[in-house]
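**Q** Got a predicted structure plus its sequence, pasted below:
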Amino acid sequence: MAATGSQSAGTGFGTGPGTDYASGHRIGIDLGGTKTEGILLDRQGNQLARHRVPTPKGDYDGTVATIRALVARLEREIPGGHRATV
């Protein structure tokens, strides 16, 4: 997809008001059949937090809600109230 307007390529998310990704923190999600695990990394790739929760079985909406909750939980652990890329 080509960039449009003043938006540069590769920045389609996190560019609006209220987003602060300057800290360089990253979140990784491992979605499996029995568990969903999230990890929070700092700019240097050091692990800051890791959480594992059960994956809802046969429940798409529940799975999406689980991922959203896991990302929110990990973002609360970022110093300074920054946000992370996922």
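**A** Perfect, thanks for sending it. Everything numeric in this text was worked out from a predicted model, so none of it was measured. Residues are numbered from 1 along each chain as shown.

**Q** can we go C-alpha only for contacts and neighbour counts from here?
**A** OK.

**Q** Can you get me a residue count around the residue lying closest to residue 34 once chain neighbours are set aside?
**A** Excluding its sequence neighbours, the residue lying closest to residue 34 (Cα to Cα, 6 or more residues apart in numbering) is residue 55, at 5.2 Å. Using other Cα atoms under 10 Å, the number of residues around residue 55 comes to 19.

**Q** just residue 85 next, same as before
**A** Neighbours of residue 85 using other Cα under 10 Å come to 17.

**Q** And for residue 66?
**A** Applying other Cα under 10 Å, we find 18 other residues in the vicinity of residue 66.

**Q** that's a strand at it, yeah?
**A** No: assignment of residue 66 by DSSP: H, G, I helix; E, B strand; the rest coil gives helix, placing it outside any strand.

**Q** residues touching it, list them.
**A** Applying Cα atoms under 8 Å, 6 or more residues apart in numbering to residue 66 gives the contacts 36, 55-56.

**Q** Looking at those, which is nearest residue 84?
**A** Nearest to residue 84, judged by Cα to Cα, of those is residue 36 at 18.1 Å.

**Q** The closest one and residue 24: what is the separation?
**A** Applying Cα to Cα, to the nearest Å, the value for residue 36 to residue 24 is 23 Å.

**Q** ok, these two, which is more surrounded?
**A** Neighbours per residue (other Cα under 10 Å) separate residue 36 from residue 24, with residue 36 holding more: 19 against 15.
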